[in-house]
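Q: Build me a structure from this.
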Amino acid sequence: MGTKILIIGACGQIGSELTLKLRGIYGNENVIASDIREGNEAIMSSGPFEIVNAMEFDAVAQAVEKHQVDEVYLMAALLSATAEKNPAFAWDLNMNSLFHVLNLAKEGKIKKVFWPSSIAVFGPTTPRENTPQYTVMEPSTVYGISKQTGERWCEYYFNKYGVDVRSIRYPGLISWTTPPGGGTTDYAVDIFYKAIEDKHYDCFLSEKTGLPMMYMDDALDATVGIMQAPREAVKIRSSYNLGGISFTPEEIAAEITKHIPDFTIAYEPDFRQAIADSWPASIDDSSAQQDWNWKHKYDLGAMTEVMLENLTKVLKK
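A: I've put the predicted structure just below:
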């Protein structure tokens, strides 16, 4: 019997790609995808799938028991911009789903838990450049508040009950396989779609807004890396800073112009500008590098090239 993994929120931006990556590592039959709705063809046809509402403890518990699950990756969440439109629901989803999984692990029904945090845990009082692992955290969004609270609970469950929970603070994630999902950093995905289709992009952030970003392949490698690390190597049980590449809308537009010379961009900041202004511009992830040998591979140039190449193929279909 190999490791049995349940992914909750498998149809989201990260979950959909993580599911396929983990199936490639552990075998299709050993990675159970689950979400509140069915996913794309690749997820549905490549391995087991369960309809699971992450907010219902019994539904999560039944899936864990049915498949004799060892590890849970809890990817279900309402992201930053979407959460601001429905704060109460965002809090319920983001927090209750975490408690369900932590409590199942506390009862010994799950051996290991992955729960993603985010750069949204930081706020306007946090040092913006090279944000350290330990620093002021006063998030100003519902999403950030829920993630900061979740970090505290993860650490508490590890210290109090020995729950092997592991977490990383994702920066903005960029991928060509799934469309933008309601996050403030999603401009850096949408810009590629618009560049290919319209040769123009209206950006909802100002041109000088620097934010930490990461190509999805790097984020998936970090997720698998921390989960495969020896238990004693994971020294931080709240969440690890994860850095990648930091850039502004102006800089990514310039990179795109190298491939699409007639691409243009206009700046029309909206409510998401205030969210972005409260977040770091760059991240210090030296703790992750030291503890479990984390290192990102993609820089802005390499990411832009692979995004344009693959998205062009997808959009021409």
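
Q: could you pull out the strands for the stretch 151-300 of the chain?
A: 165-166, 168-170, 172-174, 200-203, 211-215, 240-241, 245-247, 264-267 (DSSP state E, counting those that start in this stretch).

Q: Output the below-cut-off pLDDT ranges for this protein.
A: By pLDDT under 70, the weakly predicted segments of the chain are 1, 181-182.

Q: Would you map the helices across it?
A: 13-26, 41-46, 57-66, 80-85, 87-106, 142-161, 187-197, 216-228, 249-257, 272-277, 286-292, 300-316 (DSSP state H).

Q: follow-up on the earlier one: nearest to Ile8, out of the strands of the stretch 151-300 of the chain?
A: Minimum separation from Ile8 across the strands of the stretch 151-300 of the chain (CB to CB) falls at strand 165-166, 13.9 Å. From N, CA and C alone the C-beta is placed, and that goes for glycine too.

Q: rewinding a little: adding distance to Asn130 and mean neighbour count as columns, could you present the helices of the chain in JSON lines?
A: Putting these into JSON lines (distance: least, CB to CB, whole Å; neighbours: other CB atoms under 10 Å) gives the following:
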{"stretch": "helix 13-26", "distance to Asn130": "25", "mean neighbour count": "21"}
{"stretch": "helix 41-46", "distance to Asn130": "37", "mean neighbour count": "14"}
{"stretch": "helix 57-66", "distance to Asn130": "38", "mean neighbour count": "17"}
{"stretch": "helix 80-85", "distance to Asn130": "22", "mean neighbour count": "20"}
{"stretch": "helix 87-106", "distance to Asn130": "27", "mean neighbour count": "19"}
{"stretch": "helix 142-161", "distance to Asn130": "19", "mean neighbour count": "20"}
{"stretch": "helix 187-197", "distance to Asn130": "20", "mean neighbour count": "20"}
{"stretch": "helix 216-228", "distance to Asn130": "18", "mean neighbour count": "20"}
{"stretch": "helix 249-257", "distance to Asn130": "17", "mean neighbour count": "18"}
{"stretch": "helix 272-277", "distance to Asn130": "17", "mean neighbour count": "18"}
{"stretch": "helix 286-292", "distance to Asn130": "10", "mean neighbour count": "17"}
{"stretch": "helix 300-316", "distance to Asn130": "17", "mean neighbour count": "16"}
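
Q: Let me know which of those helices is the nearest to Gly243.
A: Using CB to CB, those put helix 286-292 closest to Gly243, at 8.2 Å.

Q: about what we covered before: can you add distance to Tyr134 and give the helices of the chain back as TSV?
A: Listed next are the helices of the chain as TSV, based on distance: least, CB to CB, whole Å:
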stretch	distance to Tyr134
helix 13-26	25
helix 41-46	37
helix 57-66	32
helix 80-85	23
helix 87-106	22
helix 142-161	12
helix 187-197	27
helix 216-228	18
helix 249-257	29
helix 272-277	22
helix 286-292	9
helix 300-316	28
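
Q: Between those helices, which one is closest to Lys208.
A: If we rank these by CB to CB, the stretch that ends up nearest is helix 249-257, at 6.5 Å.

Q: That closest one versus helix 187-197: what angle between them?
A: Between helix 249-257 and helix 187-197, the angle comes out at 30 degrees (axes from the mean of the first three to the mean of the last three CA atoms, to 10 degrees).

Q: Now render the strands of the stretch 151-300 of the chain as CSV, adding distance to Pro180.
A: Formatted as CSV, these follow (distance: least, CB to CB, whole Å):
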stretch, distance to Pro180
strand 165-166, 27
strand 168-170, 15
strand 172-174, 10
strand 200-203, 12
strand 211-215, 13
strand 240-241, 24
strand 245-247, 17
strand 264-267, 16
